[in-house]
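Visitor: A structural model of the following input is requested.
(one chain, ligands or ions: 1)
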Amino acid sequence: MAKLLIQGGTVVSATGRTVADVLIDGETIAAVLAPGQAETLGLGAGSDVRVVDASGKYVVPGGVDVHTHMQMPFGGTEASDTFETGTTAAAWGGITTIVDFAVQNTGGSVQDALADWHTKADGNCAIDYAFHQIIGGVDEDSLKAMRYLVDNEGVTSFKLFMAYPGVLYSDDGQILRAMQTANEIGAMVMMHAENGIAIDVLVAQAIARGETDPKYHAFTRPADLEGEATHRAIRLARVAGNVPLYIVHMSASEALEEVAAAQHAGQNVFAETCPQYLYLSIEDQLAQPGFEGAKWVCSTPLRSKHEHHSRDLWKGLRMNELAVVSTDHCPFCFKEQKEMGIGNFAKIPNGIGSVEHRMELLYQGVVNGEISLERWVETCSTTPARMFGLSQKGQLAPGFDADVLVWDPNGHTSIGFEKKHHMNMDHSAWEGFEVDGKVDTVISRGTVVVENDAYVGTKGHGRFVKRGLSEYLR
Ligand SMILES: [Zn+2]
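Guide: Residues are numbered from 1 along each chain as shown. Here you go, the predicted model:
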């Protein structure tokens, strides 16, 4: 297999940075070499080793996005990125692994759902991928299936919903049973923590009052109902034996407080947030005049910039109350998809497309002094990999998969539909965002997939990765 030497860059890990060369042999990292060592070993210019010049650049583990929804059915339509377009866009953004959600809807079978997701992804991905399993109907069969998936399928995390009654919702008893099972088998429980029963009442009342614009999506999903559900999920997890619990897409200070309090009390509770909750707001995006705001309808919703949510979420990232930044990438086109909700915000498909921009947007947090360079690597690569048992991912160390992002800190990225945009959507939720730094080169298991502002990867290069149990607590 071919050798590749990434030379002259600053290698950044979750714990520090050092000038070093990264030697790749085939699909894995062979060594991290001190400056000059490569020449001594005969690996430099003139050898048969391909050299990637990383002078003046950061060399970091490729991004791991543990929350995406490619081709996910939602509200009578389907997320617009296929596994091919979505993973290609991810590669453009320095992401080398995604973990997508196989969906068991209420009434469906878990194994059929997982098989369905394999069919969608197999042979189509530009980068490696793994699956979480959504349990939309907790019963004897699905509890049995959870065990089977952990033992045989490399699927070790299960997402439950306290929202979306009738579609994905589990009641407290079902949640407790799934948590007890997860606790027995060592699996991670992921939770969409919003009180969907109460939300549905507020939605019906708003519609009856004629409040149908996109912004009412946020007003009918108040932060209190995210905080309440987060609290309830945490208490249920404690009753279930302190099962590891991971709160997805956190947007509200009220929810963060619950997580922080539980962590201080010694409970195995983790949480992620997403770029939209760090940068976007009701006022600047969702409440735009007319139907424009539909582009930013997602759940949990954007929050008011006049409250303190995004400020608190950045603080949570610094303090490790939030362990991970994912995207909850769930793209829908404006035409025909978001437009299904004209005249009724409740019919707008929920989701924002961001898989391409997470590394870029979070690097701006480094530039702005919100997080350190090391924390950028930790929250976007190293911890998501460890949290979800991707034991070969998220670190540049001998034996790990050679998934690498070479990042140019002196570059600049203009985000927008006519600019950098490779997701299969007819608009960008990040239109007009200008960020420092730039994706330079992306390597997936030893194969260069992005270089010189071009995608040079291939569909089908990406492989399904069987995951182990979370490494975060062991
Ligand atoms: Zn999601």
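Visitor: Okay, now the unreliable bits of the chain?
Guide: Residue ranges of the chain with pLDDT under 70: 1.
Visitor: Which residue would you name as the spatial centre of it?
Guide: Ser326 (2.6 Å; Cα atoms, centre = their mean).
Visitor: Is it correct that it is in contact with Gly63?
Guide: No - using Cβ atoms under 8 Å, Ser326 makes no contact with Gly63, being 10.0 Å away. (Each C-beta comes from the backbone N, C-alpha and C, glycine too.)
Visitor: shared neighbours of the two, anything?
Guide: Arg358 (Cβ atoms under 8 Å, 6 or more residues apart in numbering).
Visitor: packing partners for the top helix by length along the chain?
Guide: In the chain, with assignment by DSSP state H, the single longest helix is helix 223-239. Secondary-structure packing of helix 223-239 (3 or more Cβ pairs under 8 Å, 6 or more residues apart in numbering; DSSP states H and E): helix 172-185, strand 188-192, strand 245-247, helix 253-264.
Visitor: how about the helices in the stretch 301-450 of the chain?
Guide: 309-319, 358-367, 373-377, 383-387 (DSSP state H, counting those that start in this stretch).
Visitor: Pull the contacting residues for the residue nearest to the centre of the chain.
Guide: Going by Cβ under 8 Å, 6+ apart, the list of residues near Ser326 reads 65-68, 248-249, 272, 274, 358, 384.
Visitor: And it, how far from Val11?
Guide: Distance from Ser326 to Val11, counting by Cβ to Cβ, to the nearest Å: 24 Å.
Visitor: do you know how far the residue lying closest to Gly341 once chain neighbours are set aside is from Lys144?
Guide: Using Cβ to Cβ, 6 or more residues apart in numbering and skipping the chain neighbours, the partner closest in space to Gly341 is Ile348 (3.0 Å). To Lys144, Ile348 is 36 Å away according to Cβ to Cβ.
Visitor: which one of these two has more residues nearby?
Guide: When Ile348 and Lys144 are compared for neighbours, Ile348 comes out ahead with 24 against 13, by other Cβ atoms under 10 Å.
Visitor: can I assume that one is in contact with Met340?
Guide: Yes - at 6.7 Å, Ile348 counts as touching Met340 under the criterion of Cβ under 8 Å.
Visitor: For Leu143, list the residues it contacts.
Guide: By Cβ under 8 Å, 6+ apart, the contact list for Leu143 reads 177-178, 181.
Visitor: hmm, back to that, a markdown table please, covering the contacts of Ser326 and showing neighbour count.
Guide: Supplementary listing: these in a markdown table, determined by neighbours: other Cβ atoms under 10 Å:
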| residue | neighbour count |
| --- | --- |
| Asp65 | 30 |
| Val66 | 26 |
| His67 | 26 |
| Thr68 | 28 |
| Val248 | 22 |
| His249 | 23 |
| Glu272 | 25 |
| Cys274 | 27 |
| Arg358 | 25 |
| Pro384 | 25 |
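Visitor: Dump the residues you listed to CSV, plus distance to Thr28.
Guide: Output for the contacts of Ser326, formatted as CSV (distance: Cβ to Cβ, whole Å):
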residue, distance to Thr28
Asp65, 21
Val66, 22
His67, 26
Thr68, 25
Val248, 31
His249, 33
Glu272, 28
Cys274, 30
Arg358, 25
Pro384, 20
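Visitor: Show me these that map onto strands.
Guide: 65-68, 272 (DSSP state E).
Visitor: Among the residues you listed, which pair sits farthest apart?
Guide: Spatially, the most separated pair among the ones in strands among the contacts of Ser326 is Thr68 and Glu272, at 12.3 Å (Cβ to Cβ).
Visitor: OK, contacts around Arg445?
Guide: By Cβ under 8 Å, 6+ apart, the contact set of Arg445 is 27-28, 96, 128, 401-403, 461, 463.
Visitor: Which residue is the nearest non-sequential neighbour of it?
Guide: With Cβ to Cβ, 6+ apart as the criterion, Arg445 has its nearest non-adjacent residue at 4.2 Å, and that residue is Glu27.
Visitor: quick one: the nearest residue to Trp314 once chain neighbours are set aside from Thr379, how far?
Guide: Spatial nearest neighbour of Trp314, chain neighbours left out: Glu370 (4.6 Å); criterion: Cβ to Cβ, 6+ apart. Going from Glu370 to Thr379 by Cβ to Cβ gives 11 Å.
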